[in-house]
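Visitor: no sequence for this one, just the structure:
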């Protein structure tokens, strides 16, 4: 059995930087990777999706070229070239991450399947069938997640896609049906609509984007519907089957009274391709965590405390595999917390970490802190500032006026406690307000601040002037 100071299972956006920092601090480190270095983000998440979304935006702008006084003679989508470009970007990023690990002293990169065989023991099975046993006082699990396949009758014979597989499709679907109304569903829905697909999104919840405030969710729903996407709300999928008519899939569903009919009724949607966007589950089953005594929650995610340590001292879970927000920036911050605590003897914690994310539709939605409904549920005395995107000078000049800016303020101390920036550059606007929240800057100082003109940032003057 080979002994290390640290074993890191999974080379995602927490595992990689943690491995290099621990090795540079003199630790003997083993990184075990089952498939590809760099995790979900680089291989099947942020990097490939945003690369393809960029292609979709170009198609959108070419289609709108006359709005800007540019007359194009038409365009065609070369899906094979779109996928080739995506693959090139992914491979470059993956190779850079791989080389970064290989160049690091005191670090062994091992490809294979990791399984716990004891509390601090891991067995790795390599592709050639050989096995090696490793042990360490510190073990970090950064194993990520995989798409959830819902238990829908008939699904197995449909040739469905997930977010991990659809980006290798070398044709534009004639009609893409998406089960699920998550952020993944909306990004892919708008992407393929812009590339030329008819798109239908089937959402099971009674409210579209139920985690968002209704005004923000309603504005985004309108934007997507204006793009030609059909969105079915409160729709329960009952069965999926092959459709001779479309040469693809038929999705049977029911919707309650008042949704699209005066009484509850059965409906069906036929499409050429089916995408499942119903969430992601933790990659824990294959790890055999019970052999180490590691506790999981009811959904299979690893339970951790505020220091990211499991119930077994010295074993930590980082990133998506521990549950909670599944975002690259959360995973990266997780590695900082454990590194500072273990090496720098700090006292870092995930308690009080600001919720923050971006939904990369176009326009994008940047979110930080509390929603209005969350703040009111907590009994906060709130003020709510809103500004339609068509009142942003730069948006008007760019003919990108769809969206809504919203900020939640604690009326008792004037501090910003949440924001939803649905607009072109919404993620960057959100970043400005995030820094204001981190520094305790009150809304009136932003309202009266000098921002360069014409920028999206100056819209914050008008946003807070609405209070």
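Guide: Looks like it came in fine. Nothing here was measured: the structure is a model prediction, and the numbers come from that model.
Visitor: quick one: contacts for residue 461?
Guide: Residue 461 makes contact with 446-449, 451 under the criterion CB atoms under 8 Å, 6 or more residues apart in numbering. Placement of C-beta: from N, CA and C, glycine included.
Visitor: residue boundaries of the helices in the stretch 351-467 of the chain?
Guide: Taking DSSP state H, counting those that start in this stretch, the helices of the stretch 351-467 of the chain run over residues 372-377, 393-397, 426-439, 443-447, 459-465.
Visitor: For the third one, name the packing helices and strands.
Guide: Helix 426-439 makes packing contacts with strand 356-359, strand 364-369, strand 416-423, helix 459-465 when contacts are defined by 3 or more CB pairs under 8 Å, 6 or more residues apart in numbering; DSSP states H and E.
Visitor: Deepest-packed of these, please.
Guide: Most buried of the helices and strands packed on helix 426-439 by mean neighbour count (mean count of other CB atoms under 10 Å) is strand 416-423; its value is a mean of 27.
Visitor: what distance separates it from the middle of the whole chain?
Guide: How far strand 416-423 lies from its chain's middle: 18 Å, per CA atoms, centre = their mean, to the nearest Å.
Visitor: and it, what's its mean pLDDT?
Guide: Mean pLDDT, computed over strand 416-423, is 98.
Visitor: number of nearby residues for the residue nearest to residue 89 when sequence neighbours are not counted?
Guide: Spatial nearest neighbour of residue 89, excluding adjacent residues (CB to CB, 6 or more residues apart in numbering): residue 51 at 4.7 Å. By other CB atoms under 10 Å, 19 other residues sit near residue 51.
Visitor: Compute the distance between residue 51 and residue 426, please.
Guide: For residue 51, the distance to residue 426 equals 20 Å [CB to CB, to the nearest Å].
Visitor: what do you get for residue 168?
Guide: On the measure of CB to CB, residue 168 and residue 426 end up 29 Å apart.
Visitor: same question, residue 230
Guide: Taking CB to CB as the measure, residue 230 falls 24 Å from residue 426.
Visitor: Give me the more crowded residue out of those two.
Guide: Ranked by neighbour count (other CB under 10 Å), residue 230 and residue 426 place residue 426 first, with 27 against 16.
Visitor: Now for the more buried one: which residues touch it?
Guide: Counting by CB under 8 Å, 6+ apart, residue 426 makes contact with 358, 363-366, 403.
Visitor: name the element residue 56 belongs to?
Guide: Assigned by DSSP states H and E, residue 56 belongs to helix 46-63.
Visitor: neighbours around residue 285, how many?
Guide: Residue 285: 11 surrounding residues under other CB under 10 Å.
Visitor: What separation is there between it and residue 302?
Guide: Residue 285 sits 12 Å away from residue 302, going by CB to CB.
Visitor: tell me, what's touching those two both at once?
Guide: Here residue 285 and residue 302 share no contacting residue, scored by CB under 8 Å, 6+ apart.
Visitor: What are the buried residues along the lengthiest helix in the chain?
Guide: As assigned by DSSP state H, the longest helix anywhere in the chain is helix 79-102. Within helix 79-102, the residues scored as buried using 16 or more other CB atoms under 10 Å are 79, 82-83, 85-86, 89-90, 93-94, 97-98, 100-101.
Visitor: on that earlier part again, rebuild the helices of the stretch 351-467 of the chain as TSV, extending it with distance to residue 200 and mean pLDDT.
Guide: What follows is the helices of the stretch 351-467 of the chain, written out as TSV (distance: least, CB to CB, whole Å; pLDDT from 0 to 100):
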stretch	distance to residue 200	mean pLDDT
helix 372-377	28	98
helix 393-397	29	96
helix 426-439	26	98
helix 443-447	41	98
helix 459-465	34	98
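Visitor: Which among those helices is found nearest to residue 174?
Guide: Nearest to residue 174, of all the helices of the stretch 351-467 of the chain, is helix 426-439, at 31.2 Å by CB to CB.
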